[in-house]
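Trainee: take this sequence and fold it.
(one chain, ligands or ions: 1)
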Amino acid sequence: MRRIYLDNNATTPVLPEVFEAMRPHFCEHFGNASSIHFHGQEAKAAIERSRLMVAQLLGCSASEIVFTSGGTEADNLAVFGTVAPGDHVITSTIEHHAVLNACGRLQELGVELTIVPVDGRGMIDPEDVRRALRPNTKLVSIMAANNETGVLQPIEEVGRIAAEADVCFHTDAVQAAGKVELNVDKIGCDLLTISGHKIHAPQGVGVLYVKKGTALLPMQYGGAHERSRRAGTENVPGIVGLGKAAEIAHEGLGNGSVKRIETLRDRLQNELRKHVDSVGVNGDGAPRVPNTTNIYFEGIEGESLVIALDLKGLAASTGAACTSGATEPPHVLSAMGLSPERARASLRFSLGKQTTSEEIHFALELIPETVARLRSLSPVYNRSGY
Ligand SMILES: Cc1ncc(COP(=O)(O)O)c(C=O)c1O
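Mentor: Numbers count the residues shown, from 1 in each chain. You can find the predicted model right below:
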């Protein structure tokens with residue numbers, strides 16, 4: 001069966017060029033970067049080349065890049081590494097669980113926490129961050145782009161507010177990297193997270209940008225790897241893959257590759273609005289990353305639509321978390337004030353560099369007919385006369 005993958009915010013396929021860059025680092029160039037012999041130095045040089053490529057994507061210096069095991073570890077390092085009991089942290093309702101649950105744990109350890117809300121479009125108000133500041137505020141963590149809706153947050157304004165208050169500012173840019181320009185000086189952040197597998201590098205590798213001079217305690221203890229900011233033998237193939245993917249992501253911002261994805265996303269979104277009744281875009285009216293659209297289909301159970309589309313070969317997502325058999329609507333959509341029905345009727349479609357125009361054409365045939373079929377079977381949809 002033909003399979004179309006529109007769930008690139010969950011993970012992206014490794015690009016062939018990325019895989020080729022990684023390949024020699026498994027069997028041939030296998031050294032431990034801490035070894036002083038040839039093999040070790042070869043591995044170390046490869047890591048340093050990648051560090052430079054990532055630094056170029058973020059507009060920082062290579063020494064400010066810390067490689068981690070992924071976005072979750074980088075978020076945890078940012079949050080746990082900067083805050084102690086008695087401090088105050090500001091974050092938002094729409095953060096990824098890697099930030100929200102880390103902050104929840106901090107609260108259990110005696111850290112004060114303020115969680116600022118979002119409006120109906122899914123955007124925070126930077127003034128809420130300003131108002132939440134306290135004398136003991138140590139960290140502000142606001143994401144760059146939301147994983148469910150793609151909505152871009154006003155992080156440059158938050159950066160200015162945090163800088164004025166002399167508070168550390170972390171942004172989770174996992175879903176923004178490679179989709180919009182990210183320059184740490186322009187953003188005004190002290191810490192920034194990216195994840196390899198969201199930019200066509202492999203799973204299990206990520207980065208925390210740590211601005212020079214930022215006080216950061218490590219989360220794990222061992223060797224002096226990553227300038228003593230992250231102990232543990234480096235994942236050399238993963239880091240090499242991330243470096244190559246960062247280079248490609250950087251080029252993609254200028255060579256039309258991102259623009260092409262945006263055109264396809266807009267076509268998908270606009271044609272669905274035109275050809276399917278009672279649909280809407282969550283986060284409409286807010287600036288969004290170019291690859292994501294989160295659409296609600298009135299009268300539809302999102303999980304049923306994901307399964308029905310999957311059976312026909314199209315992969316999308318509800319972003320729902322399944323807890324003890326019950327399907328919860330994504331916390332992000334609830335935080336935007338969507339009713340549980342509308343949140344549960346919402347699907348996320350996220351495109352990647354491999355997505356073709358023909359695939360979108362196929363999706364545009366499949367989605368309307370599947371929605372119509374599910375609605376025809378739905379007593380709720382028919383009774384409410386949507
Ligand atoms: C916004 C955001 N932050 C953090 C993460 C976690 O990254 P990783 O899967 O590399 O641990 C994700 C992954 O879905 C994400 O979307």
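Trainee: bridging residues for the residue of the stretch 201-350 of the chain found nearest the ligand?
Mentor: Closest approach of the stretch 201-350 of the chain to the ligand (C-beta to the nearest ligand atom) occurs at residue 206, with a separation of 5.1 Å. C-betas here are computed from N, CA, C, even on glycine. Judged by DSSP bridges, the bridge partners of residue 206 are residue 68, residue 195.
Trainee: neighbours of it, just the number please.
Mentor: When neighbours are counted by other C-beta atoms under 10 Å, residue 206 registers 29.
Trainee: from residue 68, how far out is it?
Mentor: Per C-beta to C-beta, to the nearest Å, residue 206 is found 5 Å from residue 68.
Trainee: shared neighbours, these two?
Mentor: Common neighbours of residue 206 and residue 68, counting by C-beta atoms under 8 Å, 6 or more residues apart in numbering, are residue 74.
Trainee: now do the contacts for the residue of the stretch 201-350 of the chain closest to the ligand.
Mentor: Residues near residue 206 by C-beta under 8 Å, 6+ apart: 67-74, 174, 193-196, 242.
Trainee: in TSV: these, plus neighbour count and pLDDT.
Mentor: Shown next, in TSV, are the contacts of residue 206 (neighbours: other C-beta atoms under 10 Å; pLDDT from 0 to 100):
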residue	neighbour count	pLDDT
67	27	98
68	27	98
69	17	98
70	24	98
71	27	98
72	20	98
73	24	98
74	29	98
174	28	98
193	32	98
194	33	98
195	30	98
196	33	98
242	34	98
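Trainee: same for the ligand: which of those residues are within range?
Mentor: Under the cut-off given by C-beta under 6 Å from any ligand atom, the ligand has 70, 71, 72, 174, 195 from those close to it.
Trainee: pretty sure the third one contacts residue 98?
Mentor: Pointing back at residue 72 there. Yes - Residue 72 lies in contact with residue 98 (C-beta atoms under 8 Å); the separation is 4.2 Å.
Trainee: look up phi and psi at the residue of the chain found nearest the ligand.
Mentor: Of all residues in the chain, residue 71 sits closest to the ligand, at 2.4 Å by C-beta to the nearest ligand atom. When quoted as degrees, to the nearest 10, the phi and psi of residue 71 stand at phi -70, psi -40.
Trainee: please apply the same query to residue 101.
Mentor: In terms of degrees, to the nearest 10, the main-chain angles of residue 101 are phi -70, psi -30.
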